[in-house]
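Enquirer: Sequence first, predicted coordinates after that:
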Amino acid sequence: MGLGLPVPAITIGLLIASNVFMTVAWYGHLKFKTAPLLTVIAVSWFIALFEYILQVPANRIGHGHFSAAQLKTIQEVISLSVFALFSWLYLGERIGWQHGVGFGLICLGAWFIFHDFG
């Protein structure tokens, strides 16, 4: 599987695609505040199905190369990155310096997850 791509590339690629679907499912409806809530929930669940179709194989393929904690850390960093772009480009929300500092601190935490202190 993966057309000869390395496991990290496949895993991260699937996680990026998965997080795009997740972000659209969770936050895309915010531009449609007049849509009935049950409709929004149904559409969000349908979109989220594709998130699971990508997320589950990403974790299965990546586990072994990455630990479960590392997979979750990768997913969270990707999730925040995708969300920042989505909120800026789709929702038109401003990304301030404090968001950058907070994200930097999260990335520092991710560094600790991946660093082997022996």
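Expert: Now that the structure is in, tell me what you want to look at. Everything quoted here is computed from the prediction, not taken from an experiment.

Enquirer: Does the longest helix along the chain pack against any helices or strands, and if so which?
Expert: Ranked by residue count, the top helix of the chain under DSSP state H comes out as helix 37-62. Where contact means 3 or more CB pairs under 8 Å, 6 or more residues apart in numbering; DSSP states H and E, helix 37-62 is packed against helix 7-27, helix 68-89. Every C-beta, even on glycine, is put in place using the N, C-alpha and C of the backbone.

Enquirer: repeat that for 7 Å
Expert: With contacts defined as 3 or more CB pairs under 7 Å, 6 or more residues apart in numbering; DSSP states H and E, helix 37-62 has these neighbours: helix 7-27.

Enquirer: what mean pLDDT does the helix it packs on have?
Expert: Computed over helix 7-27, the mean pLDDT rounds to 97.

Enquirer: Low-confidence stretches in the chain?
Expert: Applying pLDDT under 70 to the chain flags the ranges 1-2.

Enquirer: repeat that with 80
Expert: 1-3 (pLDDT under 80).

Enquirer: returning to that earlier point: angle of the longest helix of the chain against helix 68-89?
Expert: 140 degrees (axes from the mean of the first three to the mean of the last three CA atoms, to 10 degrees).

Enquirer: how many degrees apart are helix 37-62 and helix 7-27 in direction?
Expert: Using the same axes, to 10 degrees: helix 37-62 against helix 7-27 is 170 degrees.
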